[in-house]
Each structure stands twice: as C-alpha cells, then as structure tokens.
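Trainee: Below: sequence and its predicted model.
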Amino acid sequence: MLDAPSSRGEIVRLLSAVGAERSRLFARSSAIKRERVGNKVYFRGLLEYSNRCVKECLYCGIRGSNPRVHRYTMMEGEVMEAARYALAAGYASIVIQGGEIASPARTREITRLLERIGEATDNRLGITLSLGEQSRETLEEWKEAGARRYLLRVETSNPDLYARIHPRDARHDFERRLETLRHLRACGYQVGTGCMIGLPFQTLDDLAGDLLFFRDIDADMIGMGPYVEHADTPLYRHRGILLPPLARLHLSLGMIAVLRVMMKDINIVAATALQAIDKLGREKALMAGANILMPNITPVRYREDYLLYENKPCVDEAADQCKECLEARVRLAGDEIGRGEWGDSPHFALRTGKKEPADGGMTGKNQ
Ligand code: 5AD
Ligand code: FES
C-alpha cells in the first residue's frame, strides 16, 4: 500500500513515476478520494467580478499594465442575477474573484455585495472570495459580512522562484503573501491556496515543496493547475524552456494524485486551466483525485476581458451551456454531483468541529 510521502525526495519520485508505479499512485488516490470525500463533485459558480488589478505578476494576462485589456467591474445587479442563477442551478456556492484592488471603496463595495447576496438568498449560498492580498481588517469585515472561504494561491512556495515570476517590489512580496494566508486562517475562513505547475525555472523539487507547504499550513482546499503562457506577458519570452503542454498536464495530474494521498480529506479543484491544454483535462483531474469544479457564471460579455492565459475555455459559452457540459463531464469521470450542498471539506469540519447540516444549509441560515 502506498503511504503518504513525507519528504521532497519521495514526492519527486512519485511525480516522476511511469508505467505500473504511476498506475498504482492513481489507483490509490482515486480509492482515497472515494473513501474520504466520496464521489460527489461540488460546483462553485465562478464570477469574474472585475479585472482591474494593481498587480503585475509576470505570467498573468490581466496584469495591471497590459494596455490591451479593456477593464471592467461587474455591476451590482449583474452579480445579484448571477447569484440567483447559481442558487437555482443548485450550485450552492459561488466564488467572487477579481484582480487585486485594496482600497476603502473596494472593501465597502464587497461588504455590501456580501450583505445583499445574503439577504436575497436567505444566506443559502456559500460565498468564497478570491480578491488577492487584503489587510487583516478588510478580511475580518468580509468574513463578518458573510464570506466563508477565501482563495489565495501562493503560486509557488519557493521564494526564489516567486521572485523570478513577479516584479521585485514591495507589492509582490512573498512574505506578505504568507502573512495574508495566516490572517485568513486567523479570521476563521476556510483557506484555499495552490500553485501553478510547469512554470519556467520550476523544478520537481519546487513542486514537491509546494505539496509539503500545503500540508504544513493545513489548507482546507487546493486549486492548482498548469501554467499556460500568454503572449502579452513578460514571462512569454521564456516559452522556449517550458515543458510541452501535454507534459504540464501529465505533471498536474500527478500533483493532484500525490496531494490526494497526502491530504486525504481536503477539497481539490479540477482547475479550468487543465482544459486549456486538453479537452478532457478536468475529467482526468476528477479521476486523479479532485472533487471540485468551478463553472464560469460570469456574464459572457465580460469573458473576453478575463483572459489570465491563452486558450481559456468557455469564453463564449453562456452559464447554462457551461453547466450542461460540466454535468456530462462529472458523469464521464464516474462521479455524481453534490447538488444544493455547500460541500465543505471533511477536513474543515474536523478541524473546527463545524459540520454541514444534512440539508446543506438549503433550508435556512447556517453560518
Ligand atoms: N497560467 C495559469 N494560471 C494563471 N494564473 C494567472 N496567470 C496564469 C497563467 N498564465 C492563475 C494564478 C492566479 C489565478 C487567479 O490564476 O495562479 O492565482
Ligand atoms: Fe497577479 Fe493577475 S496580476 S494573478
């Protein structure tokens, strides 16, 4: 029986496994998934709320200074409509994601949105935020206003690699990112983090370090996906040294499988970027151990303006079509959909003693 690896060396070995050894890893991760989180896949409706951003991450297509991007922020009415849509579609959770803007006005705007969504849906939607690094006070205010989860990828746990894929200034400080992750935990959020896989200069040892980092900070959920180059970004000039896309996909699936063996009861996302490489990338991720999908519920007219990377799927699909294609995908992977359930990870329940009610909070307030 394959035990959870606990050293970089062991993880690197598993990530490099081929043939029967790799098959054994995937058989184990898929068995652990079924035993520990079940074969239900939970949906989080993803709202790409705004592409305004003060950051300049060298890999990201919507980095603040990219002049080709038309900047937008969704209107309150559009967010409300998407929230109602998510509830009606049985998603039970939404993610409000946007570029990083830290200002009193943005803080108030999000607080108001959280309160309004809570009122309009009788607190039945589990709300996740993904709005970059924010002050502890702001994070507390949003938690108080109804946010339950927060996603902030560490991107890479190696500070040297972090410095190579970000501008070297105070705004892109690795320590501050770690500090924000600590604040999120202290504020009582379910904490999600993650990394990109196949970045230029990244080694298998770095990726092993990422998995150990996730374990050490005791994350509740992880979203990690392949790095996909974007022509309008500074990192694009290193495209010549990248792993071929299929190798990045292969590595991403290996990372998911090893993570499931290491962190048996957390939520793991089948990242959308997988699908930019392989049409069936997300199904393969579900089979490797992931249990969360994030259907895009952003109004179609904004999607062209939220291209973090190239070949982003579903750019011209309406939410409904996306929903149908996702449902078919889940069945294809041999899983079923956890409809109307928040889908908190068993890990979070154990960590905090908070258990989701059997009705998934669908019949009343449950914060
Ligand atoms: N390829 C893959 N993922 C990317 N992200 C940003 N740019 C890219 C890219 N070129 C991811 C980052 C960020 C998340 C919102 O999108 O990991 O945290
Ligand atoms: Fe940092 Fe987009 S600018 S991820």
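Mentor: Nice, I can see it. Numbers count the residues shown, from 1 in each chain. Ligands and ions are numbered 1, 2, ... in the order given.

Trainee: What residues does Leu150 make contact with?
Mentor: Quick fix: residue 150 reads Tyr, not Leu. 128-130, 139, 184, 189-192 (Cβ atoms under 8 Å, 6 or more residues apart in numbering). (C-beta placed from N, C-alpha, C; glycine too.)

Trainee: Now it: which helix or strand?
Mentor: Here Tyr150 is covered by strand 147-151, with elements defined by DSSP states H and E.

Trainee: Now do the buried residues in the helix or strand just after that strand.
Mentor: Next helix or strand after strand 147-151 toward the C-terminus (DSSP H and E): helix 159-164. Neighbour counts over helix 159-164 (16 or more other Cβ atoms under 10 Å) mark 161-162, 164 as buried.

Trainee: packing partners for helix 159-164?
Mentor: The criterion is 3 or more Cβ pairs under 8 Å, 6 or more residues apart in numbering; DSSP states H and E, and the helices and strands that helix 159-164 contacts are helix 174-186.

Trainee: in the helix it packs on, what counts as buried?
Mentor: Those would be 174, 177-178, 180-181, 183-185, for helix 174-186 by 16+ other Cβ under 10 Å.

Trainee: if we can go back for a sec, so which of the contacts of Tyr150 is the closest to ligand 2?
Mentor: Minimum distance to ligand 2 across those is 10.2 Å, recorded for Ser130 (Cβ to the nearest ligand atom).

Trainee: Need phi/psi at the residue most central in space within the chain.
Mentor: Central residue of the chain (Cα atoms, centre = their mean): Gly223, 3.7 Å from the mean position. With angles defined as degrees, to the nearest 10, Gly223 sits at phi -120, psi 120.

Trainee: Quick check: beta-bridge partners of it?
Mentor: Beta bridges link Gly223 to Val269, judged by DSSP bridges.

Trainee: Ranking helices and strands of this protein by mean pLDDT, which lands last?
Mentor: Lowest by mean pLDDT, DSSP states H and E among the helices and strands of the chain is helix 319-332, with a mean of 75.

Trainee: Give me the distance from the following helix or strand past it to the chain's centre.
Mentor: As assigned by DSSP H and E, the chain's next helix or strand after helix 319-332 is strand 336-337. On the basis of Cα atoms, centre = their mean, to the nearest Å, strand 336-337 sits 19 Å off its chain's mean C-alpha point.

Trainee: Nearest to ligand 2: which residue in the stretch 101-250 of the chain?
Mentor: For the stretch 101-250 of the chain, Cβ to the nearest ligand atom, closest residue to ligand 2: Gly132, 7.3 Å.

Trainee: Regarding the residue lying closest to that residue once chain neighbours are set aside, what is its secondary structure?
Mentor: Sequence neighbours aside, Glu100 is the residue nearest to Gly132 in space, at 2.9 Å (criterion: Cβ to Cβ, 6 or more residues apart in numbering). Three-state call for Glu100 (DSSP: H, G, I helix; E, B strand; the rest coil): coil.

Trainee: List the contacts of Glu100.
Mentor: Glu100 touches 53-55, 131-133, counting by Cβ under 8 Å, 6+ apart.

Trainee: Ligand 1 versus Thr203, what's the distance?
Mentor: To ligand 1, Thr203 is 18 Å away according to Cβ to the nearest ligand atom, to the nearest Å.

Trainee: How are the strands of the stretch 101-250 of the chain distributed by residue range?
Mentor: 126-130, 147-151, 190-193, 196-197, 221-226 (DSSP state E, counting those that start in this stretch).

Trainee: Show me where the chain dips below the pLDDT cut-off.
Mentor: 318-321, 354-367 (pLDDT under 70).

Trainee: which stretch of helix or strand covers the one residue in the stretch 251-367 of the chain that gets nearest to ligand 2?
Mentor: Nearest residue of the stretch 251-367 of the chain to ligand 2 (Cβ to the nearest ligand atom) works out as Leu308 at 6.2 Å. Leu308 is part of no helix or strand, with elements assigned from DSSP H and E.

Trainee: who touches it in this structure?
Mentor: Going by Cβ under 8 Å, 6+ apart, the list of residues near Leu308 reads 60-62, 230.

Trainee: at 10 Å instead, please
Mentor: Contact analysis of Leu308 by Cβ atoms under 10 Å, 6 or more residues apart in numbering lists 48, 51, 57, 59-63, 97, 99, 228, 230, 233, 272-273, 276.

Trainee: Sitting in strands, which of the residues you listed do you find?
Mentor: Counting by DSSP state E, the contacts of Leu308 place 48, 97 in strands.
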